[in-house]
Every structure is written in C-alpha cells, then in structure tokens.
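Student: sequence below, structure please.
(chains A and B)
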Amino acid sequence: MLMVVTVVSALVHLFSIGYMKGDRLYSRFFAYLALFSFAMLGLVLSGNLLMLMICWEIMGLASYLLIGFWFHKKSAADAAKKAFLVTRVGDVGMLLGFFVLWSRFQTLDILQVFELAAREVEANGGHAPGWMIGAGLLIFLGPVGKSAQFPLHIWLPDAMEGPTPVSALIHAATMVAAGVYLIARLFPFYLFTPEVLLVIAILGAFTALIAATIGCTQWDIKKVLAYSTVSQLGFMMTALGCGALAAGTMHLMTHAWFKACLFLGSGSVIHGMHHHQDMREMGGLRRRMPVTYVTMLIATLAISGVPLLSGFYSKDAILAATLHPTPAYAALGHHAQGLLWAIPAVLLPIAAFLTAFYMFRMVFLTFHGEAKSGHAEKAHESPWTMTSGLVVLAVLSVFGASPWLFNLDLLGHHIWFDRLVVPMTYEAGRLALPEEAPEVAHGIAPLLISLLVAGGGILAAFLVYHWKRVPAERVAAAFGPLHRAAEAKYWIDEGVDRFVVRPLVYHWNVWMAVFDNVVIDGVVNGVGRAGRRVGAICGFVDKNVVDGSVNVLGFATQVFGAVARIFQTGFLTHYMTSLAVVVVIGLAMFGGAMQWVLIALLPVVFLGYVFLARRA
Amino acid sequence: MLAQIETSWGPFTQSHVGMMLWIIALPLLAFGLQIFVGRRLPRQGDWLPTAAIFTALVLAATLFHRGIVLDPSPQLLLHSARDVPLGQRGWSLDWFFGGPAATTSRSRCCSTTSRP
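Tutor: Numbers count the residues shown, from 1 in each chain, chains lettered A, B, ... in the order given. This next block holds a predicted model:
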C-alpha cells in the first residue's frame, strides 16, 4: 500500500506541474497535495486506530481543500462541501465503532484489538458477541462514506469538479482506497464477524452494479470514470466481504494503476480539448493525442479484465471469491449463509460485463470516429510532464500484478500477491497463518466467467459504438425505464435531497428558530430583565441608603448645631460657668494626677475670667 | 533490552524504521514550507513537494525490497505476527512518535502495509 500511494502520488505531482501551470493558486495546490500525501501515508503507517482516525480526518480536510480548489466555481465549492459532509456521516459511525472497541478492550492498538477479539470470541463459544458485530458495522460506515459505497457514493461523481490530478489522486489510488484499506487492515477482526462480512459483500456487489449501470449512461468523461471508480470499489468490498483479502487488496493495487492512468489520461484529453469534458464533443483524438490514446487504451483493457493485464488477475480472483465465499474463515466454523451469499456471485459478473462495455464506450466516443467539434479538431498532445506519468502507469497496468512476470504462471494459479497478503485463521486459541493459503481459487469456472463477461462487454461496445451495427438509441430504448433510471442516477441525489437534506435543513431551521427564540432571545431578555432588577436595587440603595445617609448626616448636623446654639449665648459668664462645670465633671471623672493639674488650672481660669469680665 | 529491540523488528534495522518516519515527515515538511514560503521559491515551489514525495517513493521502495522481496518469510507477512503483551493496555503510541514506547511496540512486518 505504501508503494501504491507513493507511486501514484509522485506521478500526480509530476502531472500537476504541467496541468496546473499558470493557475493563480499554483503554489497552494502543491501544498495541498503534500498535505494529502502526508495524511494518506500516515493512515497507511499508523498502527493504532487513534492515529488512523486522525490521519483519516486530515485526509478528509485535504480532500475538501483539493476538490474545492477552484472555489470561485459554485459547483466546485458545493462539491467540496458535499464530499466533506457525506463522508463525515460515515466517519461518525466509524468513530462510534472505535469507541465501542475502546470501551471493551481499553486499547486502540490494532493488533491488540485482534488478539483481544479472538479471546472474546473464544470466551463466547466461538461466536462473536453482539457488540462486536455492532462495532464492526459501525466501523464499516466509515469505509462506506470514504470508499463511496451505496448510498453514500453520491459525493464522488460531484467531486470531479476538482482539478483532474486531484481526481486521479483522490479517486484512483488513495482516498477512496482508504476505506477498502481500512477493512483490509481490520480484516482479522472482521473474520470473527461473518455477519458483517456478508453485509459488506452484498453492499459492495450492489454498489458495483448500480454504479456500472450509471457509468453506461454518462457523457462527461470524468463522470464515467467516477462511476467506474465507485463500481470498482464495490468489487473490492465484495472481495473482502467474501473473505478474499488478497483478491480485494490486489484489486486495490491494480485499480490504482489503471484508474490513475485513466484519470490522468482524461486530464490530458480535457487539457487538449481546452477544458471541455463532454464526450459528445470529442471523437478522433487518437491521431492527435497518440500517447494519451495508447496509454488509456491499455488501462481500459486492464480494467475490462483482458487476460495478461493486471486487472484480469485481480478481477478474476474476485469473481472466484464470490463463487467460494467462505474459505478464508472456514476455520472459524462459520458456513455459507444460504442464498444471501449468492447475491455477489450473480451481481458481480453483470457489473464486470458493464465495466468492459462503458469503458470501451468511452474510448470509442473519445478517440475513434470523426471529430465532433472544433475543440476536437484543434486538440493537441499534452507536454511530457503529463504524458510521462501516463506511460509509467500504463506499464504498471500491464505488469503491476501479473504473475507471469514473477513465475510465468499464465493462469495465475500462484499469484505472487497471495504471498504478500495472507489471511489468517483463528486456531488453537490464537490467530495463525493457515497451512495452505485458502484464496487460490482460480478454477476454470471463474476463469470462463471472467473471460466471457470481459469479451462480451467489449464486443457489445464494438457493436454499438464502433461498428455501429446496433444504434445506441435502440439499446437505450430496449432498456426503457431502466436506462432512464440509470441516466438519472436512479434519482438517488434527488432522493437524498428530498428525504434527507431538505427534512434535515427544515428541522434544523425549525430547531434553530426555537433555539434562537428560546435560548438566544431568552438569554438576551434574561440579561435585560436582570439589568432592570439590578437597576431597581441600585435605585433603592441610592435612594434609601446613600441619600438616606446624607440626609441623616445633615439632620444630625442640624440637631448638633441646634444643641450647640443653646450654649452659644454670647455671655462670658455662661461660658465660664460651663467651663467650671466641665472642670468639675473632669475632676470627678479622672481624679489622680489629672485632678491636681485641673486644680492648678483653676486660678488661671479664675484670673482669665476676671480679665475677660473687666474687658467686657 | 537493545537485543530484544533489534530482533523484534524482524528484517528491519533501525535505519529502516527511520525511513518510515521520513516517509511521513517529508510530505509534512514540504506542506509546511510550501504553504508559508512556496510563492517566494523558484517555480513557486512546485519542485519541493514533488521532490519530497519522490524521495518518499524511493524510501518506500527500499522498505518494500527489504521487507518483502528479500525476506518474504511467512511470519513476516502475517498480519498479526507481532508479539503483543496483552496485559499492557491503554493508549498505544506508535513508533510514529519515536521514543521508548516505539521500540517495544512493533516487531514484525505487516503484510498490508509492508511495515514492521
């Protein structure tokens, strides 16, 4: 995974030098790319769920910044918001799942979780307790959002509003792969919960088929690739759900090569077409863009599942896994759970057929036939900084997972990738490597199915879009309501808008109005009322305490003055009498030494009295 | 203790673990520099994140070669081959942060990530 991320990321950086040249925020774009790469690499290398969650969220932020990079376009800004919010829905579930694990195990270390889960299952008689199944389902919600599984896939096609290198980076190898990677990373845990694996398998197969049918009806070259990505992610999820860890992760890797090549190739086409993306305006580009054509054709062959190319081996392994869905955890004692396991086996071959069909439809509409617009006539090949990455990815699309490169086993009975990713079983009280890798299931039946659906899809595309033996309109009419539904993307966006977004916004507005009226206004009114109360208290204190004190002081002064005036007669005799009274009182009160002092003062007082009397 | 640490990394040496740190650190450093001084750098700094990620690619290829191609023994490829002391619970910080916790927390190569 580390190799996949770094290779694709490096090539996308190189491609962006040419593609984003002259952009107003050129420098910032590379900063965001670096942030995204950091988050994805951190996610791959983190060994515990906490770090994984942190990197997961940083990646969500970086993807928001990159998808909305041309934020002056309303559609891009809306797409970024949509991607951010829709993936958050899944993230909430994932976080709750991690909380459950933490509450039971008191650890978020991934490998400790495996061991403790194994003990829990052992203590529960070989079956996972309900809370483990619940945790597994909750954690799966994160990948449902991030890896664009139904019904949270709606953000991914809109996210094509971002620059094309972003589409290649986010939607080919890294962000959307993170969800699949997480399930693969926690695969030993999921081995204990086959019920969750069944849900994963069915949802993945359903997503693969739904997205493939929509991909057949799109005209925007990037939208076709977007729905193709959703469909291929469904393949990967189905593989993991069927217990085929190696097949799922191998398809993750091979898909990274050919889908990155296709996205960068579409970027090259869009660059050559002066940023026109409608395939109905293209045609005849193979002569004007030969490198882009050849590389995209190779990637298309790979994704269609043509033998000897990387996609063949991984897709074949997945189809094989759907036919034998339980070997990986047979050692646990679980058995195939009835007809439900047949659903992926039926849906995936149809999706594989449609994959070959819509991919070759894209190639024929874009590169073959006559130019259908002035832009197509004036299209030109992209600079080497853009095409060199395409060539590398095309080479990887051929050799990326081909077993014959390593051991010349053309039928892929011993896929070298199986040696890298070996699912374990739970034996003798601990997780252990099974003696025989259980996933090598490349029998004749899956091989024939694989070849049949790939060949059939390509042939159908030839008949309709290249040889034009069967008009496309007639095919569309033959499928009638189904075609209209697929063209309208099954009204999922409208459904989500009507039954989720609008009620949510309505109730949000209602509750916000209630909150505004009750809480915000309540607080404001409360503060106002409190102010009035405080003012009243202050007024009372001012009036009664402060003013009262002043008045009391004034009154006391008046009383004191009135009393004092009684003694201020103007007659010296009265004063002397008063003085004598005071002296007598003093003598009576103090006595002792003071008594003698006062007696000594009496003559002075007497003489003074006489003196004053004579003067008066 | 040291001997235990050395053997617990399987085919990886300490320098390989250092490489893993650089694989994460390089894009982060490139982001920090690019966001703050990118516009003032030649070519608006496009070479900086590009060089960082290409260096990370070389380091990842080195690890892949060492951990998968040179020594593909099954126990190294097993997802949970690490010897985890189960009595030890709590928040486990990875080697990611370095430090003593790091040296005891990883032992074998993870097949999905090709890391110890």
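Student: where does pLDDT dip in the chain?
Tutor: Using chain A here. Flagging of chain A using pLDDT under 70 yields the residue ranges A:324-338, A:401-443, A:591-592, A:609, A:613-616.
Student: chain B, not that one
Tutor: In chain B (pLDDT under 70), the answer is B:1-14, B:16-17, B:67-116.
Student: select the longest helix from it.
Tutor: The longest helix of chain B (DSSP state H) is helix B:14-37.
Student: do chain A as well
Tutor: helix A:74-105.
Student: how about that one, does it get close to chain B?
Tutor: Yes: Helix A:74-105 is in contact with chain B by C-beta under 8 Å from any C-beta of the partner chain, via A:F105. Every C-beta, even on glycine, is put in place using the N, C-alpha and C of the backbone.
Student: which is the next helix or strand following that helix?
Tutor: helix A:110-123 (DSSP states H and E).
Student: other SSEs contacting that next one?
Tutor: Helix A:110-123 makes packing contacts with helix A:49-67, helix A:74-105, helix A:130-146, helix A:187-191, strand A:425-427, strand A:430-432 when contacts are defined by 3 or more C-beta pairs under 8 Å, 6 or more residues apart in numbering or on different chains; DSSP states H and E.
Student: got the buried residues for that helix?
Tutor: A:110-118, A:120-121 (16 or more other C-beta atoms under 10 Å in any protein chain shown).
Student: can you pull the contacts of the residue nearest to A:W70 when sequence neighbours are not counted?
Tutor: Excluding the flanking residues, the one nearest A:W70 by C-beta to C-beta, 6 or more residues apart in numbering or on different chains is A:A76, at 4.6 Å. Residues in contact with A:A76 (C-beta atoms under 8 Å, 6 or more residues apart in numbering or on different chains) are A:67-70, A:161-162.
Student: likewise A:L43?
Tutor: Applying C-beta under 8 Å, 6+ apart, the residues near A:L43 are A:52, A:55-56, A:59, A:178, A:181.
Student: can you tell me the element it falls in?
Tutor: Per DSSP H and E: helix A:26-45 holds A:L43.
Student: buried residues in that helix?
Tutor: Buried, per 16+ other C-beta under 10 Å, within helix A:26-45: A:26-45.
Student: likewise stretch A:469-482?
Tutor: So stretch A:469-482, judged by 16+ other C-beta under 10 Å, has buried residues A:475-476.
Student: distance between that stretch and the chain's centre?
Tutor: When C-alpha coordinates are averaged (C-alpha atoms, centre = their mean, to the nearest Å), stretch A:469-482 and its chain have centres 38 Å apart.
Student: again with stretch A:485-503
Tutor: The mean C-alpha position of stretch A:485-503 is separated from the chain mean by 21 Å, C-alpha atoms, centre = their mean.
Student: now what about it, what contacts it?
Tutor: Taking C-beta under 8 Å, 6+ apart as the rule, stretch A:485-503 contacts A:150-151, A:153-154, A:157, A:210, A:213-214, A:216-217, A:479.
Student: buried sites along it?
Tutor: Those would be A:485-487, A:489-490, A:492, A:496, for stretch A:485-503 by 16+ other C-beta under 10 Å.
Student: mind putting the contacts of A:L43 into JSON lines with neighbour count?
Tutor: JSON lines is the format used below for these (neighbours: other C-beta atoms under 10 Å in any protein chain shown):
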{"residue": "A:L52", "neighbour count": "26"}
{"residue": "A:C55", "neighbour count": "22"}
{"residue": "A:W56", "neighbour count": "25"}
{"residue": "A:M59", "neighbour count": "25"}
{"residue": "A:A178", "neighbour count": "27"}
{"residue": "A:Y181", "neighbour count": "27"}
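Student: list the contacts of A:A239.
Tutor: Contacts of A:A239 (C-beta under 8 Å, 6+ apart): A:204, A:245, A:247-248, A:251, A:317-318, A:321-322.
Student: oh, that last question was meant for A:L203, not what I typed.
Tutor: A:144, A:149-150, A:234, A:237, A:241.
Student: between which two of the residues you listed is the distance greatest?
Tutor: Spanning the widest gap among these are A:F150 and A:G241, at 13.5 Å by C-beta to C-beta.
Student: and the closest residue to A:W131 other than its chain neighbours, how many neighbours?
Tutor: Nearest non-adjacent residue to A:W131, counting by C-beta to C-beta, 6+ apart: A:V100, 6.2 Å away. The tally of other residues near A:V100 (other C-beta atoms under 10 Å in any protein chain shown) stands at 17.
Student: cool, and A:V8?
Tutor: Neighbour tally, A:V8, other C-beta under 10 Å: 31.
Student: buried stuff in the helix or strand where it lies?
Tutor: Element membership for A:V8, per DSSP H and E: helix A:2-19. For helix A:2-19, the neighbour count (16+ other C-beta under 10 Å) marks A:2-19 as buried.
Student: considering only those residues, which also neighbour chain B?
Tutor: A:2-3, A:5-7, A:9-10, A:13-14, A:16-17.
Student: most widely separated two among the residues you listed?
Tutor: A:L2 and A:I17 (23.4 Å).
Student: can I assume A:G570 sits in a helix?
Tutor: No: secondary structure assignment places A:G570 outside any helix; it is coil (DSSP: H, G, I helix; E, B strand; the rest coil).
Student: now the phi/psi pair for it, please.
Tutor: Backbone geometry at A:G570, expressed as degrees, to the nearest 10, gives phi 90, psi 0.
Student: run a quick neighbour tally on it.
Tutor: There are 6 residues near A:G570, going by other C-beta under 10 Å.
Student: what helix or strand does A:K372 sit in?
Tutor: Per DSSP H and E, there is no helix or strand for A:K372.
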